[in-house]
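**Student:** Sequence and predicted structure, then a few things I'm wondering about:
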Amino acid sequence: MPHWRGGTAQKILADHIETYSMQSGSAGRRDRLRAAAREYATPAVPAALVWIFGVRPQAVAELIAGLAALTALLFALLILVWQQGIQIRNDPRWRTTDPVVTMVDDLRANLTYSSALSLCLVAGLVVAAATAPQAPEGQPDPGLSLWWAVPLTWLAAHLVVVLMGILRRLRSTYLELTT
């Protein structure tokens with residue numbers, strides 16, 4: 001993983017993008033570009049549908065509570081994977097160049113990114129809920145503005161895509177360890 005100057009968010013993103021391919025050179029860049037396009041473009045579809053159909057999310061408090069719990073679980077899993085990575089590196093059976101060590105490092109990078117993404121989504125929902133207009137007495141909740149709904153939908157869909165990648169990584173790590 002490259003170490004370069006920049007903010008924490010840049011480092012988290014760079015670590016995450018680096019996990020898209022185990023190849024180096026132009027083949028690795030091509031794989032990372034293809035994976036990044038898929039991971040960042042796919043969430044545009046549900047976001048566009050929210051815009052086209054004018055979907056205005058309601059029950060934001062419940063969404064915040066659920067996503068806060070998910071964020072806490074992601075942080076717990078991140079700590080567990082971090083501890084496992086330390087144990088594997090200290091185990092004489094594994095070298096730092098072994099695929100399992102690389103997979104655990106990649107999983108840590110993906111979990112760090114998804115935890116940060118989930119935290120941003122919760123923060124965005126809190127700000128959106130705080131700035132949403134209150135419904136007049138006896139009127140239904142108008143929901144969030146489309147200006148909030150579209151980017152928050154993109155963030156949520158992006159989080160799902162990243163989590164699916166983590167599940168794929170967990171499966172391949174398991175298969176690597178058990179075969």
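**Tutor:** Cool, got the structure. Numbering: from 1, shown residues only.

**Student:** Buried residues in stretch 131-144, which are they?
**Tutor:** For stretch 131-144, a neighbour-count test (16 or more other C-beta atoms under 10 Å) marks A132, G143, L144 as buried. Using the backbone N, CA and C atoms, a C-beta is placed for each residue, glycine as well.

**Student:** just stretch 78-93 next, same as before
**Tutor:** Residues of stretch 78-93 classed as buried under the neighbour-count rule (16+ other C-beta under 10 Å) are L78, V81, W82, G85, I88.

**Student:** between the buried residues of stretch 131-144, which is nearest V122?
**Tutor:** Of all the buried residues of stretch 131-144, the one with the least separation from V122 (C-beta to C-beta) is L144, at 14.2 Å.

**Student:** how much space between that closest one and I64?
**Tutor:** Distance of L144 to I64, computed by C-beta to C-beta, to the nearest Å: 12 Å.

**Student:** any shared contact partners between the two?
**Tutor:** Here L144 and I64 share the contacting residues A129, scored by C-beta atoms under 8 Å, 6 or more residues apart in numbering.

**Student:** Can you name every helix or strand that the one helix or strand I12 maps to contacts?
**Tutor:** With elements taken from DSSP states H and E, the one containing I12 is helix 8-18. With contacts taken as 3 or more C-beta pairs under 8 Å, 6 or more residues apart in numbering; DSSP states H and E, helix 8-18 sits against helix 25-41, helix 99-131.

**Student:** Does anything pack onto the following helix or strand past the last one? Which helices or strands?
**Tutor:** What it means is helix 99-131. Tracing the chain past helix 99-131, the next element assigned as helix or strand by DSSP H and E is helix 146-178. Applying 3+ C-beta pairs under 8 Å, 6+ apart, we find helix 146-178 packed against helix 25-41, helix 44-53, helix 99-131.

**Student:** got those as CSV, with distance to L152 columns?
**Tutor:** Conversion of those to CSV gives the following (distance: least, C-beta to C-beta, whole Å):
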stretch, distance to L152
helix 25-41, 16
helix 44-53, 9
helix 99-131, 5
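
**Student:** Please identify the most buried of those helices.
**Tutor:** Neighbour counts averaged per stretch over those are highest for helix 99-131, at a mean of 19; criterion: mean count of other C-beta atoms under 10 Å.

**Student:** quick one: it to helix 146-178, angle?
**Tutor:** Using axes from the mean of the first three to the mean of the last three C-alpha atoms, to 10 degrees, the interaxial angle of helix 99-131 with respect to helix 146-178 works out to 160 degrees.

**Student:** to the chain's geometric centre, what's the distance from helix 99-131?
**Tutor:** On the basis of C-alpha atoms, centre = their mean, to the nearest Å, helix 99-131 is displaced by 4 Å from the centre of the chain it belongs to.
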